[in-house]
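# Structure for the following, please:
(2 chains)
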There are 2 protein chains.
Amino acid sequence: MRHPGLDAAILTSEPNMLYLSGYSAVSLERLIALLIFREQDKSCLIVPELERERAEENCKLQGVEILSYRDNENPVSILVGLLSKNRVSSLGVEGSTPYRFIYPLHSSQPPITLSLIDDIMYSLRIVKDEREVECLEKAAEINNKLLIDAVNHVKPGLSERDLASFVRARALELGADEVAFVLIQSGSNSALPHQEPTTRKISSGDIVLFDIGIRYMGYYSDITRTVTYDKPLPRQQEIFEIVERSQSEALSKISEGARAQEIDGEARRIITEAGYGRFFIHRTGHGLGLEVHEPPYIREGNLQELRRSMVFTVEPGIYLAGEFGVRLEDNVIVSGNGYRNLTKLPKSLQIKDYA
Amino acid sequence: MRHPGLDAAILTSEPNMLYLSGYSAVSLERLIALLIFREQDKSCLIVPELERERAEENCKLQGVEILSYRDNENPVSILVGLLSKNRVSSLGVEGSTPYRFIYPLHSSQPPITLSLIDDIMYSLRIVKDEREVECLEKAAEINNKLLIDAVNHVKPGLSERDLASFVRARALELGADEVAFVLIQSGSNSALPHQEPTTRKISSGDIVLFDIGIRYMGYYSDITRTVTYDKPLPRQQEIFEIVERSQSEALSKISEGARAQEIDGEARRIITEAGYGRFFIHRTGHGLGLEVHEPPYIREGNLQELRRSMVFTVEPGIYLAGEFGVRLEDNVIVSGNGYRNLTKLPKSLQIKDYA
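Model (predicted):
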């Protein structure tokens, strides 16, 4: 935290607190914050009283001072007092911090200059170390098995929600610590990228799109496959093949030193040349780590150079409103002259190929 | 939004967007915001392109303008442009808004005065209308059945995580739209109020604490029961009886016009008089609605008067570190001269009483 111009930084997000201290908690409306001071590597943890014991057990920072508050105390006063006592005049703040905890600082006397520290934090986290890679590999491995089981569980008459319920339970059996999300979209629902599972029953002939994210030891995987229960219709097959080609060409551009936007550009070029450019309505991918979406973002305009041990998704898609959508999403790690694919799954529209 | 002194308000949280417009989405790192202008009840929805279709289908606001952006565009520029075009010089902001979306407004010219609008939004939401009460009743009803099944599934040798996995799957079968959380804490883990399920196996004689929240049509329930597999030990029974008395006395204080802190005071008085005051380390309850924690907070210092159709939890607990913890949590709705309990479950330490 020896960043020029910052007297202190406040961290409130689960991933950043976990990354720096080994302790984290979902804060809901109660303030849970790690305050790191420039001087003497001093740090304080502000937690509700009912978190004190977990914080003491899990926080790995040397000499951290744990300050806990009761529900009838205002934690923001504790924060303001700490900043004042330590003469903090410039404070780095995470972009995800709820504005309610920052608003009272606007009226501090003497005033405190606030700045965003997301770039600093993400630059620390963007290249994964060995232990992190192991966790991400294991998360992907669990997710691979889960996708196989999910795809093989498809049958006409089953609702998206029934299928999602099966997937959620199976994920935990396979060793996931947490299920981040289970999107199961059948028929025309697959054309709506963020649609939650509905009571719609799968019919023979339907496209079924699975987009599943799980968490293992704090780290995420995020994998998508699209299948049909019966032999695919020619139209379904045509779109699938464009998406598959888009993904494989994009993957082939990955190597140390390539820029994030080149991967996006390649995925987009294939789909655009096939005439479906305007139906590919999102970026090609996002980083994976302690968050399910984090840098590097694989999108137009991102000049970030890829470096060894960055981990991200490559997930082109085509969405035909009222008809169906197709997306394929793999998780990869950048190696010296290419990448290693953590998603060891078939690429096929046909369920039988997942046997 | 005709609030004195505000030219506009920006809403970014799922519950508030849902409450005002019928549309919401979890935003992760992409900005999703509803902007409401004082003039002419004009409103704009800013969404990523991949949300446009869902927004158009679900947003119920008359004359709302939907502005969508692609992943290579900066949504905060759209926001800044809108505020400037509409000559907004005072903006209401939700406390939960991530600071990254607000930070760029600090350098607006002419400057924009920011204020928090949580009190206004919560004052709209704190008393539930008929449709909301129906959703909350149904959520509690599903949760009641779920608790019965969960308690009856306890057996020695089963891990907390196995039990949690059963509960998550069962919740969806019973009609929950979403499982908000499943805390299952056995033995000494029950003394850690926020501890997630571990691989610890339940032993005969253990306390097992279930704290389960589910969501139905956007509305939450949140219920806790504590049981032992075998006949309770005298020490377990003693603590349970204090918590039970604390809860029932607190409940008896609920009526229109009573203040929130009186309910907390009564729950705390019983536990303190029994000698365990310092082991009751959290407030007595919280409101339930579109958020699982919302006003009214049932805590010391909260002078909020209870009004008919407020819905909240009453959940005293005693946590003996290294030994065990006991908590009982019911969901209630304020009626004219008392309350209606939505949690229709036995209060007993003995599993057989849940048959």
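# Retrieve the pLDDT associated with residue A:43.
Note on residue A:43: pLDDT of 93.
# Tell me how many other residues crowd it.
Counted with other Cβ atoms under 10 Å in any protein chain shown, the neighbours of residue A:43 add up to 22. C-beta coordinates here come from the backbone N, C-alpha and C atoms, glycine included.
# which residues touch it?
If you count contacts by Cβ atoms under 8 Å, 6 or more residues apart in numbering or on different chains, residue A:43 has them with A:21, A:34-37, A:61, A:63-65.
# what's the farthest-apart pair in these?
Greatest spatial distance among these (Cβ to Cβ): A:21 and A:37, at 14.0 Å.
# Could you give the average pLDDT over stretch A:143-162?
Rounded mean pLDDT across stretch A:143-162 is 95.
# ok, now stretch A:177-189?
Rounded mean pLDDT across stretch A:177-189 is 94.
# What of stretch A:46-60?
91.
# Of all the residues in that stretch, which ones are buried?
Buried residues in stretch A:46-60, counting neighbours by 16 or more other Cβ atoms under 10 Å in any protein chain shown, are found at A:46-48, A:50-55, A:59.
# now the strands: where do they sit in the stretch 51-200 of chain A?
For the stretch 51-200 of chain A, strands defined by DSSP state E, counting those that start in this stretch occupy the ranges A:65-69, A:90-93, A:113-116, A:178-186.
# Starting from the third one, tell me which strands it pairs with and how they run.
Within its sheet, and counting by DSSP bridges, strand A:113-116 is paired with strand A:90-93 (parallel).
# Could you find the closest non-adjacent residue to residue A:103?
Of all residues not flanking residue A:103 in the chain, residue B:116 sits nearest, at 5.6 Å (Cβ to Cβ, 6 or more residues apart in numbering or on different chains).
# for residue A:176, same thing?
residue A:214 is the one closest to residue A:176 (Cβ to Cβ, 6+ apart), at 3.9 Å.
# Count the neighbours of the one you found for me.
There are 28 residues near residue A:214, going by other Cβ under 10 Å.
# returning to what we had before: I'd guessed the residue nearest to residue A:103 sits against residue B:97; true?
No. Look at residue B:116 against residue B:97 with Cβ atoms under 8 Å: they stay out of range, at 9.5 Å.
# And the two? Which one has more around it.
residue B:97 (24 against 16).
# so what's that one up against?
A:98-99, B:10, B:12-13.
# Between those residues, identify the one with the most neighbours.
residue B:10 leads the contacts of residue B:97 on contacts (other Cβ under 10 Å) with 25 neighbours.
# From what I see, that one and residue B:34 are in contact.
Yes. Here residue B:10 reaches residue B:34: they are 7.4 Å apart, a contact under Cβ under 8 Å.
# what residue ranges in chain A score low on pLDDT?
A:1-4, A:27-28 (pLDDT under 70).
# all helices of it, in order?
For chain A, the helices defined by DSSP state H occupy A:14-21, A:52-58, A:75-85, A:99-102, A:118-125, A:130-153, A:160-173, A:234-252, A:260-273.
# and of those, who's closest to chain B?
helix A:99-102 (2.9 Å; Cβ to the nearest Cβ).
# helices and strands around that closest one, which ones?
helix A:75-85, helix B:99-102 (3 or more Cβ pairs under 8 Å, 6 or more residues apart in numbering or on different chains; DSSP states H and E).
# what's next to the shortest one, contact-wise?
Read it as helix B:99-102. By Cβ under 8 Å, 6+ apart, the residues outside helix B:99-102 that reach it are A:93-99, A:102, A:116, A:118, B:12, B:31, B:33, B:76, B:79, B:93, B:114.
# Then the longest one?
The set of residues that contact helix A:75-85 without belonging to it, under Cβ under 8 Å, 6+ apart, is A:8, A:10, A:30-31, A:33, A:35, A:44, A:46, A:48, A:67, A:69, A:91, A:100-101, A:104-105, A:108, A:112.
# And stretch A:145-160, by the same measure?
Among residues not part of stretch A:145-160, those counted as contacts by Cβ under 8 Å, 6+ apart are A:163, A:166-167, A:170-171, A:174, A:176, A:184-186, A:189, A:197-204, A:206, A:208, A:210, A:212, A:214, A:223, A:225, A:227, A:229, A:345, A:351, A:354-355.
# which of these count as buried?
When these are checked for burial by 16+ other Cβ under 10 Å, the buried set is A:163, A:166-167, A:170-171, A:174, A:176, A:184-186, A:189, A:197, A:200, A:202, A:206, A:208, A:210, A:212, A:214, A:223, A:225, A:227, A:229, A:345, A:351, A:354.
# Which two among the contacts of residue B:97 are spaced furthest apart?
It's A:98 and B:10 that sit farthest apart of the contacts of residue B:97, by Cβ to Cβ, at 13.8 Å.
# From chain B, how far off is the residue minimising distance to the centre of chain A?
For chain A, residue A:292 is the residue whose C-alpha lies nearest the centre (Cα atoms, centre = their mean; 0.9 Å). As judged by Cβ to the nearest Cβ, to the nearest Å, residue A:292 and chain B stand 8 Å apart.
# which residues sit in contact with that residue?
A:180-181, A:213, A:215, A:220, A:222, B:28.
# same deal with residue A:187?
Counting by Cβ under 8 Å, 6+ apart, residue A:187 has contacts A:200, A:202-203, A:206-207, A:324.
# repeat that with 10 Å
For residue A:187, the contact set (Cβ atoms under 10 Å, 6 or more residues apart in numbering or on different chains) comprises A:160, A:200-203, A:205-209, A:323-324.
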